[in-house]
Each structure stands twice: as C-alpha cells, then as structure tokens.
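K.L.:
I would like to see how this sequence folds:
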Amino acid sequence: MTADINSIYLIALPIVFALIGLEAFISSYLNMNVYKTGDTLGTIGLLSGNILVSLLIKGSTLAFHFFLYQFKLIDLVSVIPIWLHWVLAFIFIDFIYYFYHRISHRSRFLWAVHMSHHSSEEMNFAVAFRQAWLGPVSKIPFFMVLPLIGFDPVIVAVAGVLSTLWGIFGHTQIIRNLGPLEWVFVTPSHHRVHHGANEVYIDKNYGNFLIIWDRFFGTFEAEKEKVKFGLVKNVNTFNPIKITIMGWQDIYRDIKKSKSSKEAFEHFLLINPDVFVLLGAHTRLEKCLVTEATHCLLYTSPSPRDS
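P.N.:
Presented below is the predicted three-dimensional model:
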C-alpha cells in the first residue's frame with residue numbers, strides 16, 4: 001500500500017509544482033500577484049508540521065483501521081465488484097469529509113485546528129498545502145467508520161490521497177466558471193466562496209470533490225460578489241507557530257474566565273446549533289434557542305469565524 005501511495009505522489013507532485021509555477025506566471029502576467037513571499041513561507045511552515053504529524057501517526061492509524069475492519073458490517077470485497085468498491089469508497093469519503101469539514105467550522109476546538117487553513121488572505125494552489133498540524137489527528141474519529149462499514153483500509157487510504165489531490169485544484173483564482181461541471185463537482189469558483197470572509201460566503205461550500213452535499217444540505221452558495229479571502233479577523237502574522245496556537249489561546253483565555261467547570265467545558269466545545277439540527281437534536285436545541293441560555297451546551301454565539 002505504501003508503494004501505491006508513493007507512486008501517486010511521484011506522479012502528482014511534479015504536476016502540482018508545475019501548476020503552481022504556471023499559476024504564478026499567469027497571475028503575474030495578469031497583474032493579479034496571488035503569491036506573497038511571507039504568506040507562502042507561512043504555508044511551508046504549516047505544511048511541514050502537518051507532514052511530520054502525518055508520518056508519526058500514519059502507521060498506527062492504518063493499524064487501527066485494520067483492527068476495526070475485523071468488525072465490519074458488510075464484507076464489501078466479496079459482495080461487490082472491485083470497481084464499485086472504489087467508486088463507493090470515493091463517495092463515502094467525500095460524504096464523511098463534508099460533515100467533518102462542516103463540524104470543523106462549527107465546533108470551537110475543531111475550528112482551532114482548521115483555522116490555520118483559512119488564515120491566508122491569498123488564494124492560490126499553494127494555499128491547498130496550508131494544512132493544520134493537528135489536522136491528521138482530528139480526522140481519525142470521523143473516518144474510522146469506513147472500515148467498520150466494510151471498506152478495505154488499503155482502498156480507503158489510496159482513495160483518500162486521490163481525493164486530497166483533487167482538493168488542490170479548487171485553490172486558485174485563475175480558473176473561473178466551469179459551466180455544467182459546477183452543478184456536480186467542487187470547482188475553484190465554489191471553493192473560493194468557502195475561503196471568503198464576505199458575510200454571504202461564511203461557512204458555505206464544505207465539499208471536497210462533490211458539491212451535491214452542499215446543495216442537498218443547504219450550505220451551497222454561488223460565487224457572485226468579489227471574494228475577500230481570509231478570516232473575519234485576520235491573524236496578521238505569517239509565523240506558523242503563532243497561527244497554530246492562536247485559536248487554542250482564545251479557548252484558554254475563555255476557560256480561565258469561566259466560573260465553573262461546566263462553563264469551561266462549554267467554552268471548549270462551543271458547538272453551533274446548525275450541527276445539531278443536522279444530526280436531528282431538534283427538541284433540546286429549540287429549547288436552548290428559545291430561552292437563549294448561554295450556559296446551554298447546544299446554544300452558542302455564531303460560528304467561531306464570525307467573531
């Protein structure tokens with residue numbers, strides 16, 4: 001399996017670097033200047049930490065998936081053709097990623113991880129590599145369901161890498177509208193919206209490969225007005241360490257001000273109501289919203305991105 005993934009990277013990375021070079025050339029020719037030295041160096045720093053953590057946990061994560069695979073609900077390898085196994089793996093990975101991504105924008109501790117990716121005020125292919133140091137760890141509880149369903153861990157790992165490579169394509173300003181493809185796939189136009197700090201764009205278009213999840217669950221927004229990239233309150237630093245710990249510092253400050261352990265826990269969790277509507281927890285949620293009880297676990301202020 002390692003050889004398969006390495007082969008994918010050996011083929012894909014030269015193409016990605018060529019795309020980055022081409023994008024830099026075209027954007028410079030068009031006076032767009034989408035690459036800034038400090039921002040790119042910050043991305044390299046964040047990516048370095050992400051790769052280090054990925055390498056440290058890769059073996060144990062795969063072993064954990066093989067352990068869970070023993071308890072699979074369906075032996076997909078024996079009941080469906082291998083090509084269908086691959087197709088379903090891509091679809092399920094994308095489906096789970098949608099929810100992981102959406103919750104990462106609505107849960108404060110997951111946002112503290114994910115905000116690193118949104119901290120750039122630029123939008124280019126290199127920003128796709130602006131990944132959080134703890135990102136690989138935060139995904140484990142979400143994707144562990146795949147081997148339990150019955151997806152071969154090797155297929156999951158390889159399909160996951162291929163899905164990630166598709167995500168790179170969305171991080172650019174030089175590709176505009178792709179016509180009919182916009183209805184089904186996540187395109188650069190869709191993902192520019194996701195990185196927008198414009199009020200109308202905040203917390204929209206969570207998909208990685210397919211945009212159908214956003215269209216179905218009501219989180220889709222088309223690109224209309226010019227996108228302002230970054231956070232509502234930008235970090236104003238290119239230091240990868242400061243970017244990584246900034247969200248956690250905010251959580252720590254609020255926990256220190258807490259008057260009880262319950263309040264401290266709520267500051268840490270801080271899940272926005274829309275996640276629970278999605279999961280069907282309507283009754284308690286409505287009670288929280290009606291009473292506006294700030295101590296209620298399901299009641300929060302708007303998304304962490306909004307403040």
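
K.L.:
Residue 40 reaches residue 126, doesn't it?
P.N.:
Yes - in terms of Cβ atoms under 8 Å, residue 40 counts as a neighbour of residue 126; the distance is 5.6 Å. Where C-beta positions appear, they are placed from N, C-alpha and C, glycine not excepted.

K.L.:
and those two? which has more neighbours close in?
P.N.:
Comparing residue 40 with residue 126 by other Cβ atoms under 10 Å, the one with more neighbours is residue 126, at 25 against 20.

K.L.:
and the gap between the more buried one and residue 142?
P.N.:
26 Å (Cβ to Cβ, to the nearest Å).

K.L.:
do the same with residue 25
P.N.:
For residue 25, the distance to residue 142 - Cβ to Cβ - is 38 Å.

K.L.:
Have a look at these two and say which one is more surrounded.
P.N.:
A count of neighbours by other Cβ under 10 Å puts residue 142 above the other of residue 25 and residue 142, at 16 against 10.

K.L.:
Let me know whether the more buried one touches residue 101 as I believe.
P.N.:
No - using Cβ under 8 Å, residue 142 is not in contact with residue 101; the gap is 9.5 Å.

K.L.:
Run through the stretch 1-150 of the chain and note the low-pLDDT ranges.
P.N.:
1-4, 6 (pLDDT under 70).

K.L.:
okay, now residue 199: neighbour count?
P.N.:
Residue 199 has 10 neighbouring residues, counting by other Cβ under 10 Å.

K.L.:
Then the one 4 residues further on?
P.N.:
The burial metric for residue 203, expressed as a neighbour count using other Cβ under 10 Å, is 19.

K.L.:
Wait, a helix at it?
P.N.:
No - applying DSSP: H, G, I helix; E, B strand; the rest coil, one finds residue 203 to be coil, outside a helix.

K.L.:
Before we move on, what's the pLDDT of it?
P.N.:
You'll see residue 203 listed with a pLDDT of 93.

K.L.:
Phi and psi next, for it.
P.N.:
Taking degrees, to the nearest 10, you get phi 60, psi 50 for the backbone angles of residue 203.
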